[in-house]
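>>> pasting a predicted model and its sequence here:
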Amino acid sequence: QVQLVESGGGLVQAGGSLRLSCAISGGTFSRYTMGWFRQAPGKEREFVAAIRWSNSTSAYADSVKGRFTISRNNAKNTVYLQMNSLKPEDTAVYYCAADPTYIGSRSAPYDYWGQGTQVTVSS
């Protein structure tokens, strides 16, 4: 069974940085798409970034482009989200997601989800 475990969230001041990690286990992920989504209180879950495990092709939401970087480590079966120049509006619960066939930014098609990690950016 595929399992995703996020870590790395916390409290940071505006302008600071955090790195989120998502460890994936329970399968073969060479063709998976890995995504990061976030959900702020009272708002819908939104796409942040995604990466294809096979070739590291990546995509970003416009709101984080140039500030966030998604990457993966094959040896550790881990996907990272490096978040720089954080803003208070980045405050949300961040979720890691995985899917063996879907390539895109909609959350519904992703089959596997982590439990989420809280990121709070103070002004």
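It's in. Numbers count the residues shown, from 1 in each chain.
>>> ok, Val48 touching Trp36?
Yes - between Val48 and Trp36 there is a contact under C-beta atoms under 8 Å: 4.3 Å. All C-beta atoms are positioned from the backbone trio N, CA, C, and that covers glycine.
>>> joint contacts of these two?
Leu81, Tyr94 (C-beta atoms under 8 Å, 6 or more residues apart in numbering).
>>> who's in contact with the closest residue to Thr78 other than its chain neighbours?
Leaving aside its chain neighbours, Thr78 sits nearest to Ala23 (5.0 Å; criterion: C-beta to C-beta, 6 or more residues apart in numbering). By C-beta under 8 Å, 6+ apart, the contact set of Ala23 is Leu4, Val5, Ser7, Lys76, Asn77, Thr78.
>>> at the geometric centre of the chain, which residue do we find?
Residue closest to the average C-alpha location in the chain (C-alpha atoms, centre = their mean): Trp36, at 2.3 Å.
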